[in-house]
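1. what follows is a predicted protein model with its sequence.
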Amino acid sequence: MAKDKTEKTNVMRLLEQKKLPYTPHDYLATGAVSGAEVAAALGEPPERVFKTLVTTGASGGHYVFVIPAEEELDLKKAAKAVGEKSIAMLPQKELLPLTGYIHGGCSPIGMKKPFPTVLHESAADCESIYVSAGKIGYQVQLSPGDLQKMLPLKCCDVIK
C-alpha cells in the first residue's frame with residue numbers, strides 16, 4: 001500500500017479498503033490548474049493523466065467520462081456510448097451537490113452515488129494512469145484494471 005506524506009483523501013481510503021495498490025501524488029506547490037500543467041507537475045505525459053467529466057443525458061440520467069487531460073469530450077460519441085440521444089456537460093454549480101466533488105477535484109471514485117462511467121480506450125495502453133484523488137492538488141496513480149475494480153466502467157472512444 002501507499003506510504004507517503006501526502007494527505008489522505010477519501011479516494012485513497014476507498015482504494016485501501018478494497019486493498020488495491022495506488023501511488024498518491026500531490027502537485028500543490030506547482031499551482032498547476034490545467035490537465036497539461038498537472039501532467040507536467042507530475043512529470044508524466046498528458047496521455048496518462050485523466051480528467052473526470054460529468055454529463056447529463058437527454059433522459060435526465062447522469063454519466064461520467066474519464067478521458068486524457070488534454071483531450072476534449074465528443075458529445076455525440078459520448079451519447080452513443082451510453083445509449084442517449086444527446087448529452088450535455090453538467091453545469092459546474094450542480095457538480096458538488098450531485099457528486100460530492102468540486103470542479104478541479106472530481107474523481108470517478110467515491111462519488112455520492114455510482115453513475116455509468118466510460119473510460120477512454122487509450123487507458124488500456126497504459127500500465128498505470130492518474131486520476132483525481134478527490135481534492136484539488138491530489139492525484140492517485142493506479143492501473144486501469146484496478147480502477148475497473150472500484151467502479152463498473154466500459155472503455156470506448158469518446159474524444160474528438
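-> Sure, I can see it. Residues are numbered from 1 along each chain as shown.
2. how about the strands in this structure?
-> In the chain, the strands defined using DSSP state E lie at 23-26, 50-57, 62-68, 87-89, 117-120, 129-132, 138-142, 153-156.
3. CSV for those strands, including mean pLDDT?
-> Output for the strands of the chain, formatted as CSV (pLDDT from 0 to 100):
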stretch, mean pLDDT
strand 23-26, 92
strand 50-57, 96
strand 62-68, 97
strand 87-89, 97
strand 117-120, 97
strand 129-132, 96
strand 138-142, 95
strand 153-156, 94
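4. which of these sits closest to residue 15?
-> The closest of these to residue 15 is strand 138-142. By C-beta to C-beta, the value is 6.7 Å. Just so you know, the C-beta spots here come from the backbone N, C-alpha and C atoms, and that holds for glycine as well.
5. and that closest one with strand 50-57, angle?
-> 100 degrees (axes from the mean of the first three to the mean of the last three C-alpha atoms, to 10 degrees).
6. which other helices and strands does strand 138-142 contact?
-> In terms of contacts (3 or more C-beta pairs under 8 Å, 6 or more residues apart in numbering; DSSP states H and E), strand 138-142 is packed against helix 10-17, strand 23-26, strand 129-132.
7. rewinding a little: what would the strands of the chain look like in TSV with distance to residue 105?
-> Listed next are the strands of the chain as TSV, based on distance: least, C-beta to C-beta, whole Å:
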stretch	distance to residue 105
strand 23-26	12
strand 50-57	9
strand 62-68	14
strand 87-89	17
strand 117-120	17
strand 129-132	6
strand 138-142	8
strand 153-156	20
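8. would TSV of those with distance to residue 32 and mean neighbour count be doable?
-> Output for the strands of the chain, formatted as TSV (distance: least, C-beta to C-beta, whole Å; neighbours: other C-beta atoms under 10 Å):
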stretch	distance to residue 32	mean neighbour count
strand 23-26	10	18
strand 50-57	12	21
strand 62-68	16	23
strand 87-89	22	17
strand 117-120	21	23
strand 129-132	12	25
strand 138-142	10	24
strand 153-156	26	15
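9. so which of the ones you listed is nearest residue 95?
-> When the strands of the chain are compared by C-beta to C-beta, strand 50-57 sits nearest residue 95, at 6.2 Å.
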